[in-house]
Each structure stands twice: as structure tokens, then as C-alpha cells.
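S.K.: Starting from these lines, generate the structure:
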Amino acid sequence: MTSAFWRTIERVPGHATDTRDWKVDLTDCWTQVERYLPETSKYAERIDYPWPGGEHCPRHVVRHAGGSVRAVCSDPGRLCETLDINSDDIRIRELDRRRLFADIATALGLVVSTAPSRGAALLHIGDHAIAAGRSFPVFAALTSPRAPLSRADVLDIDRRNLPFVLLVTSLGAIDPDVSAFLAARQGRVLTWAECLHFALAPRKGFVAAMPLVDLFAPEIAALANAGDVAQRPVMTLPANARWSDLRFAFREEAVLNVSYLGQAPARLEPDQIGMRDERNGKPNRQWRLLLVCAALGGALPRSFPISTIKGRRPASDIVRILGQFQRGYEKQRQLLAAALRERFGIDEDPFSGADDCYEARFLVDASSLKQGRSDQRDRNFADDD
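M.R.: Numbering: from 1, shown residues only. Next up is the predicted model:
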């Protein structure tokens, strides 16, 4: 069980103290937790008592010639014994949150997008995927009953209207009303101890306390039910993904590579993102508009007739192609934005308005396409309304 570890995390302010202090509560599991408590270059100047002492407590660390170290009571009455210790005892160890959460993510089958920030009270540590395009976020807190996580801390935890899980050290480490508040937003609070055990030697890290299908059964059921009526996203993205994290690159006129934060790209064709004309099997007008957007460096005109886009007059072949969208243009652009939101699961509008154009919030690239193929593109794309 990991209970002693999480209790100690709660007890130690700032998650940094001397080795001797860490071992007070963690002797029985030291071999499992030492990897998460690396040594720093700092040393303690005082050593705590195991029981309350006088006004000059705790013991002061005194270094003697020859390298010996003692912890000496500073109280005039010498209320406690002098301790013979060593440099390792007083070396400060600080919790390595990145390694801790990386091992937890592995144990809980989470897809990690970014490393956790150093000082945040509430962290998104990954997403648990149950199928292609279906995942839910998992959040974590290492707070303590001295400074519990409050309702104000979790106001922004609900992402994309998905079920989610919040992992805490103990129920005392959150305010009493937090669990009910999160439950109303499809969230569930679990403690670390009920989710994780230490892995058995020679393995390191953690293992799930039960099969993940059982541990996350409510979230899996909610996503399965939602998937019956909602279109599945084409990529598994973390709950906090934004359009600016995505890069669209056309490799062929009917092949689009999409990558998230530099990860391996997903190869997508028009039918996978709802942009194929069912009448003739060709890419529809939304796909073509996305291709033109790529050719314009991530921009589309605001209206017709076209004068400038990003302050410059577009090339004549692009103007000619765009002219085919003049009838019903705004509707087509809105349909493109709606299709992208639905198929990538990001609620934010994928386009922002500028003075003379709409700019894609995602990076988009058409440099791999052969030049001078506009006539061929005219024949390859459907001319539907």
C-alpha cells in the first residue's frame, strides 16, 4: 500500500526536508520511494524532535572538525539528547514531481501531453483513452489539510464537457464541498492510495490497485454512452488541447497529416473528417477550402470581392479558385469550422478574425504539394453546393 507515502507528502511543507525526516515515516517503503526524493545540494541546519521540546527547539546541526556532525539541543535545560548523525541524514531531499507523475501516468494508462508545472496546486497529468478518439482527463493535487484544494481552485477543471477524475492525497486535502461541486460537472474524486500500489521488485514505480476498466468504470461508461450519439474525434487529444497545438500539412491534395505538439502525425483523408462528397467520392468544398487556406499560409478572405489577404493581393490562380466559393462562401467557411471542431473535439473556433481575412489558429502547410497543379485540382474536387 502507498498510504504512508501520501500521508508524508501531506505532512512535509513544500515537499522538501532532510533525509532523516523523510525516513521517519517512510522506513518501510524507502526502497520504493527514494527514486522520487532525490538529493539536493542543500543541508538542514536544524533537526526536528520526535516530541515537543523547549522554546529553542529544534536541535541545531553542528559540524565538527574531521567531518563529524551532531544535532545539539539549544534549550538551556538540554531537554533532549544530542544526536550523532552524518551528512546524509541532513541532506535535503525534494519531491521530484515529474518522475512521480510520469510513473503514475504509466500505471494508470495515461497519455501525457506536457510535463507538470513545478508549483501549480492542480495539475492535468494525462488522458486515459478508451478507444480511438475517446479519452477523458485525469487531474492531480498534492495538497494537504493545512491548505486544502478549494472550490475556487477547481473552477476551470471541466474540459470539453468530458467526465474526469481528480486524484488527491486524502479527502482532508480538499474542502468539503469540492467533491459535490465536481460531481455536478461529471468529475469524480479518488485518493492516490485507493488507485495505486507500489510495484513489486525488481520493477519500479506503481501499479494500478485494480484493473483500469474497473477503476475508471464510470468515466468509461459515460464516454461509451456519449459515443453512441456523438461523432468520435479523429485523434486522441488531451482535454486541454488547443488549435495552436496542431500542425496541418498537406502531403497530397487528398492526404492531410495532422500532428499535436510535434508528435508523430496522423494521416487523414477527406472521409475521415467528414469532407468527402457521398455522391461521387471526391473531396467536398470544405476540404477544398481547407486546401486553399493552406496555400494562403493559414488565411481565408473575410468577404468577396477579394482585395487583400493579410495586406497582400493573392496570386491570380488562388483568386480564381476562391471565386468558385463566392456563392455561399460564409456558409461554407462556417461548415468547415464546424467540421474541424467536431472531428478534433476542440470547442474553440479554429479561425480568428483579422482586418481583411480569417486566420487559422492552427499551423497549416501546403509546401509539399507540387506547384502548378491548380488545373488538376479543379478536376479532382467536387463542385457541390
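
S.K.: Run a quick neighbour tally on the residue nearest to Leu268 when sequence neighbours are not counted.
M.R.: What sits nearest to Leu268 in space, not counting adjacent residues and going by CB to CB, 6 or more residues apart in numbering, is Leu256, at 4.8 Å. From N, CA and C alone the C-beta is placed, and that goes for glycine too. Close neighbours of Leu256, defined as other CB atoms under 10 Å, add up to 26.

S.K.: Where does the prediction get shaky in the stretch 201-350 of the chain?
M.R.: 225-232 (pLDDT under 70).

S.K.: residue ranges for the strands of it, please.
M.R.: 206-208, 246-252, 255-260, 266-268, 299-301 (DSSP state E, counting those that start in this stretch).

S.K.: List of residues touching the longest one?
M.R.: Counting by CB atoms under 8 Å, 6 or more residues apart in numbering, strand 246-252 makes contact with 256-260, 262, 265, 267, 290-291, 294, 344, 360, 362-366, 368-369, all of which sit outside it.

S.K.: now do the fourth one
M.R.: When contacts are defined by CB under 8 Å, 6+ apart, strand 266-268 is touched by residues 234-235, 251, 255-259.

S.K.: Regarding Glu10, what is its secondary structure?
M.R.: Going by DSSP: H, G, I helix; E, B strand; the rest coil, the secondary structure assigned to Glu10 is helix.

S.K.: and it, what is it in contact with?
M.R.: 143-146, 169-170, 172-173.

S.K.: Try it again at 6 Å.
M.R.: For Glu10, the contact set (CB atoms under 6 Å, 6 or more residues apart in numbering) comprises 144, 169.

S.K.: Which pLDDT does the model give it?
M.R.: On pLDDT, Glu10 comes in at 94.

S.K.: and if you look at the one 3 residues further on?
M.R.: With respect to pLDDT, Pro13 has a value of 90.

S.K.: count of residues packed around Asp89?
M.R.: 19.

S.K.: wait, is it part of a helix?
M.R.: Yes. Assessed with three-state DSSP, Asp89 lies in a helix.

S.K.: next helix or strand past the longest strand anywhere in the chain?
M.R.: Secondary structure assigned by DSSP state E gives strand 122-131 as the longest strand of the chain. Sequence-wise, the next helix or strand downstream of strand 122-131 (DSSP states H and E) is strand 134-141.

S.K.: elements contacting that following strand?
M.R.: Applying 3 or more CB pairs under 6 Å, 6 or more residues apart in numbering; DSSP states H and E, we find strand 134-141 packed against strand 122-131, strand 164-168, helix 217-227.

S.K.: Show me what counts as buried in the lengthiest helix in the chain.
M.R.: For the chain, the longest helix by residue count, based on DSSP state H, is helix 329-344. Within helix 329-344, the residues that count as buried by 16 or more other CB atoms under 10 Å are 329, 332-333, 335-337, 339-344.

S.K.: got the contact list for that helix?
M.R.: With CB under 6 Å, 6+ apart as the criterion, helix 329-344 contacts 231, 233-234, 273-274, 285-286, 289, 325, 349-351.

S.K.: Any chance you could list what contacts the helix or strand following it?
M.R.: Once the chain leaves helix 329-344, the next helix or strand it forms, by DSSP H and E, is strand 351-353. With CB under 6 Å, 6+ apart as the contact definition, strand 351-353 has outside contacts at 337, 358-361.

S.K.: just how off-centre is strand 351-353 within its chain?
M.R.: 25 Å (CA atoms, centre = their mean, to the nearest Å).

S.K.: Ok, stretch 251-260 next?
M.R.: A distance of 24 Å separates the C-alpha centroid of stretch 251-260 from that of its chain, computed with CA atoms, centre = their mean.
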